[in-house]
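Undergrad: here is my input, please return the structure:
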Amino acid sequence: MKKEDIILQYLKESDDYISGEDLSKKLGISRSAIWKNINSLRESGYVIESVTNRGYRIANSSDALTPNEIADGLLTESFGKIVAVYPEIDSTNEEAKRQAQKGALHGSIYVAEQQNGGKGRLGRVWKSPPKSGLWFSILLRPDAPPVQVANLTLLAGLAVSRAICAVTGCDAKIKWPNDIVIGSKKVCGILTEMTAEIDRVHFAVVGIGVNVNDESFPEELTERATSLRMESGSPVSRVTLLQHILKEFETLYTEYFLHGKESWLVPYKESCVSLNRTVSATRGQEKVIGTAVDITDGGELVVQTKDGRRVEINSGEVVVQGIYGQTP
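TA: From the prediction side, this is the model:
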């Protein structure tokens, strides 16, 4: 066990301050080395108070995104059993793909405090500021054809909405296919990428970005974006939220890919704010406007136009009446 992990354990077990001298004696290292390890823990996200003549005390460890914190209390079989955390990275999706090519295991997750190249659907930039959000990707190796794996985004959306409701009490809903909203504002985006042949998926990466503890947004985003803290009125543990997402997602994944169940579709529809609203979408060169009336087993959004046609939308940008302040 690393010195800083031992120090962390002592701090967690103590109800009071522990002096640098006591820690130095316990670990057999200098007080200067203790100080360096304390600073390393702080950089990982731990809030550690220091008072002259009293020593150190851990104030709050719940928001420190470290492999140990994530693993502690994680109730999954494979999702998150291997965790890599980065202070800063280009994109967790890119890192997951790099590690997949090297043989990384199914269920591995890649978490970042900050992304410099985060992206959303259609190549959009996804802003990923440090310390406030939850930015991570899951590497999956489903034994299934690409057409079935296409529903991963929808499964992830249902998992995230359930986890947010459980952790915060906020009424999180799904905007088809890959956004999570509270009210009319976006709180989470999901990006799924896969490497596949015609009948076989080599691997898939599901990237999830949640606005957790942001207290404000740039003016250009205030009409579209919100955070869990802003909606719930109090700070939210990113570690707890991540653990709930992984548990919910693994349960849905297992039912769908291993047991062949389609039971996810009913609750997905119940949580989908796109249904029974006026929407607009582009299908090929055609702009489709109508009422979203259903979602198929394959994950397509069914839009009924004024002339009675039922059009299945499987990709592209969908504008939903009243969401993000938009009008189809």
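
Undergrad: only C-alpha atoms for contact and neighbour calcs from this point on.
TA: OK.

Undergrad: quick one: the helices in the stretch 151-300 of the chain?
TA: For the stretch 151-300 of the chain, applying DSSP state H, counting those that start in this stretch gives helices covering 152-168, 228-232, 238-253, 265-271.

Undergrad: how is the protein divided into domains?
TA: In terms of domains, the chain is parsed into 3-60, 67-271, 278-325 (source: automatic domain parsing).

Undergrad: show me which residues of the helix or strand of the chain with the lowest mean pLDDT are buried.
TA: Ranked by mean pLDDT, DSSP states H and E, the helix or strand of the chain with the weakest confidence is strand 55-60, at a mean of 86. For strand 55-60, the buried set under the neighbour-count rule, 16 or more other C-alpha atoms under 10 Å, comprises 55-58.

Undergrad: for those, which one is nearest T92?
TA: I58 (28.9 Å; C-alpha to C-alpha).

Undergrad: host element of the closest residue to that closest one other than its chain neighbours?
TA: Of all residues beyond its chain neighbours, the one nearest I58 is I48 (4.4 Å), with distances taken as C-alpha to C-alpha, 6 or more residues apart in numbering. When elements are assigned from DSSP states H and E, I48 belongs to strand 47-51.

Undergrad: and that strand, what does it pack against?
TA: strand 55-60 (3 or more C-alpha pairs under 8 Å, 6 or more residues apart in numbering; DSSP states H and E).

Undergrad: near K287, how many other residues are there?
TA: By other C-alpha atoms under 10 Å, 9 other residues sit near K287.

Undergrad: swap in I198?
TA: For I198, using other C-alpha under 10 Å, the count is 8.

Undergrad: before we move on, the earlier item: run the angle between the least confident helix or strand of the chain and strand 47-51 for me.
TA: 150 degrees (axes from the mean of the first three to the mean of the last three C-alpha atoms, to 10 degrees).

Undergrad: tell me the helix or strand right after strand 55-60.
TA: helix 67-71.

Undergrad: direction included, what does the helix or strand just after that next one pair up with?
TA: Next helix or strand after helix 67-71 toward the C-terminus (DSSP H and E): strand 83-86. Paired strands of strand 83-86, with direction, are strand 109-112 (parallel) (DSSP bridges).

Undergrad: beta partners of the residue nearest in space to the middle of the chain?
TA: With distances taken as C-alpha atoms, centre = their mean, the residue of the chain nearest its centroid is I208 (3.5 Å). I208 has these beta-bridge partners by DSSP bridges: F136, I190.

Undergrad: right, and it touches I180 too?
TA: No. Look at I208 against I180 with C-alpha atoms under 8 Å: they stay out of range, at 10.3 Å.

Undergrad: quick check: neighbours shared by the two?
TA: 188-189 (C-alpha atoms under 8 Å, 6 or more residues apart in numbering).

Undergrad: can I get the helices of the stretch 151-300 of the chain in a markdown table with mean pLDDT and mean neighbour count?
TA: Converted to a markdown table, those look like this (pLDDT from 0 to 100; neighbours: other C-alpha atoms under 10 Å):
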| stretch | mean pLDDT | mean neighbour count |
| --- | --- | --- |
| helix 152-168 | 97 | 23 |
| helix 228-232 | 97 | 18 |
| helix 238-253 | 97 | 22 |
| helix 265-271 | 96 | 16 |
